[in-house]
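1. Fold the following for me, if possible:
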Amino acid sequence: MALTSRSCPRCLFGGPATTSSPKSLRQPTVGRPAPFPALRCWDRAPASTGQCRQHHIAPWIPLHVESSRVLKRGRANSAGSSYKGGSMDVSTHATRGEALAASASKEEDGLENMLRQTGWTKVKQLTVQEHWQLSDAHKRNWHGQWTRYIATPSETGATTYTIQENKYGIRNIEWANAEKTETFHQNHYFSEDFAPLRSAGPWTNTVAESTPEGVTHAASAAATTLYLPGGSAVWASKAVDLNAKPFSLAAELFLRPDNNTRVSIIPFYNGAAFAGVTLVREEAREPADALELRPKSGEPFWTYELELPSGRSDVAAELIGTETLMMGHGLTLYEREGRFGGYGGAQRGASLGSEGFGPCLNDAEYVNVRLPENLSVRCPKRIIEGQGFEMSAVLVSVDGMGASQCKVIYGEDWKLKGVIYGTYFA
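-> Model prediction:
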């Protein structure tokens, strides 16, 4: 198919990935979220449509071809390597996984009918091999800041947030072999004055841990990772366990402003109560063990501010875009047009039940925490037995004309049901 370099009319710019956000799209000398160098718009537009592959019809069909173009960008600006589609010899595991996925798919038939009634269109059911390949977008050395905010309810009903811990870290995530059937992951942590604190890992994962319920991380068998086309991801508890320590429930929600940048927001719970949130802002750097927060030239993307904003204007324009739903059982992808409901992200909160996920908490049961860098997180104040719920992370562009959202959904049985990722533009 012929390609053209013109920008997608539904994005603020198109063309291939760059090593940093264009200066014209950024505030002077400050690494603010740009308006909106959307990760999923790096593929140039098909000449027949004038739109990028993200906004073209059926962007993941056939996924094993399209993903090779998408995923190689995850390392294009580091070591110059690229994804080589079809290089993994995982046929035995894939066959077993596909059988399990088919079984899970049958159980979703009733839910699929409900999803269809609310605008969702089935795009593709991923094989476990295709889902494993999507992790390639995260194989980088991620340098950044980890800040944990603790929630403290007051007698007046308001909640205050205090910083319990602020540190810096490197997440070294690489393929461990040439066949890309095994990963290496190790974290290094540093104090606020950049003194080494400790390391975690190393952990290894093999393609055998890629199942129809996601990729099981070696650090926790109780959690799973779901990778979405385009670079977003969720690492989340498979189910709520009120007796689990240190947290009964946690979910790491990843958003990708551009190829070299990512942010994860981690709401966590003690028992049934919301306990706080961890904010992790990261940028890709070459060293695997020496911390570098600043790029070799220019300014970092993030400001690394710590103070939570006391007030913030919401988006003024109506933002419309594409939402992708990945089911947590069977790795089935659905798509629909979505509307962004502002920092609160409440436009879908009241409708989860009507979409087939069963009884769910109403909007009044949620707390919205506004974070630095035009970020926010929305999650339940308390989780209630027999009620489904969602947790969502939001990033809004500086000019308020673009946004992205990552949302994880739990059903009335408190089990992980799926992930929704959306990008929206004025």
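2. what's the first-to-last distance across stretch 360-374?
-> End-to-end distance for stretch 360-374, by Cα to Cα, to the nearest Å: 28 Å.
3. Now do the buried residues in it.
-> Neighbour-count burial for stretch 360-374 flags Cys360, Leu361, Glu365, Tyr366, Val367, Asn368, Val369, Arg370, Leu371, Pro372, Glu373, Asn374 (criterion: 16 or more other Cβ atoms under 10 Å). To be clear about C-beta, it is placed using only N, CA and C from the backbone, and glycine gets the same treatment.
4. Closest one of those residues to Arg382?
-> Nearest to Arg382 among the buried residues of stretch 360-374, counting by Cβ to Cβ, is Glu365 at 7.3 Å.
5. where does the residue nearest the centre of the chain fall, helix, sheet strand or coil?
-> Residue closest to the mean C-alpha point of the chain, counted by Cα atoms, centre = their mean, is Phe254 at 2.8 Å. Three-state assignment for Phe254 (DSSP: H, G, I helix; E, B strand; the rest coil): strand.
6. number of nearby residues for the closest residue in space to it that isn't next to it in sequence?
-> Excluding its sequence neighbours, the residue lying closest to Phe254 (Cβ to Cβ, 6 or more residues apart in numbering) is Ala233, at 4.4 Å. Ala233 has 27 neighbouring residues, counting by other Cβ atoms under 10 Å.
7. per-residue pLDDT, Ala233?
-> You'll see Ala233 listed with a pLDDT of 97.
8. my read: it touches Val263, true?
-> No: contact criterion Cβ atoms under 8 Å: Ala233 and Val263 do not qualify, at 11.7 Å.
9. Direction included, what does the helix or strand harbouring Pro202 pair against?
-> Using DSSP states H and E, Pro202 sits within strand 196-206. Strand 196-206 sits in its sheet next to strand 182-190 (antiparallel), going by DSSP bridges.
10. Setting the sequence-adjacent residues aside, check what's closest to Phe425.
-> Gly402 (5.1 Å).
11. was I right about the one you found contacting Leu319?
-> Yes: contact criterion Cβ under 8 Å: Gly402 and Leu319 qualify, at 7.0 Å.
12. what about those two, which has more around it?
-> Between Gly402 and Leu319, Gly402 has the larger neighbour count (other Cβ under 10 Å), namely 27 against 24.
13. ok, which stretches of the stretch 151-300 of the chain are strands?
-> If DSSP state E, counting those that start in this stretch is used as the criterion, the strands of the stretch 151-300 of the chain fall at 159-175, 182-190, 196-206, 210-211, 214-217, 220-227, 233-237, 249-258, 261-270, 273-284.
14. Pull out the CA atoms of the first one and give them to me as CSV.
-> Okay, so that is strand 159-175. Output in CSV follows, covering the C-alpha atoms of strand 159-175 (Å, rounded to 0.1, in the frame of the first residue of the first chain):
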residue,chain,number,x,y,z
THR,A,159,-8.9,13.4,51.6
THR,A,160,-5.4,14.8,51.9
TYR,A,161,-2.4,13.3,50.1
THR,A,162,1.1,13.2,51.5
ILE,A,163,4.3,12.0,49.9
GLN,A,164,5.4,8.8,51.7
GLU,A,165,8.3,8.1,49.4
ASN,A,166,10.1,9.8,46.5
LYS,A,167,12.9,8.0,44.7
TYR,A,168,14.5,7.5,41.3
GLY,A,169,14.8,4.3,39.4
ILE,A,170,15.9,2.4,36.3
ARG,A,171,13.8,-0.4,34.9
ASN,A,172,16.0,-2.5,32.6
ILE,A,173,13.7,-4.6,30.4
GLU,A,174,15.4,-6.5,27.6
TRP,A,175,15.0,-9.6,25.5
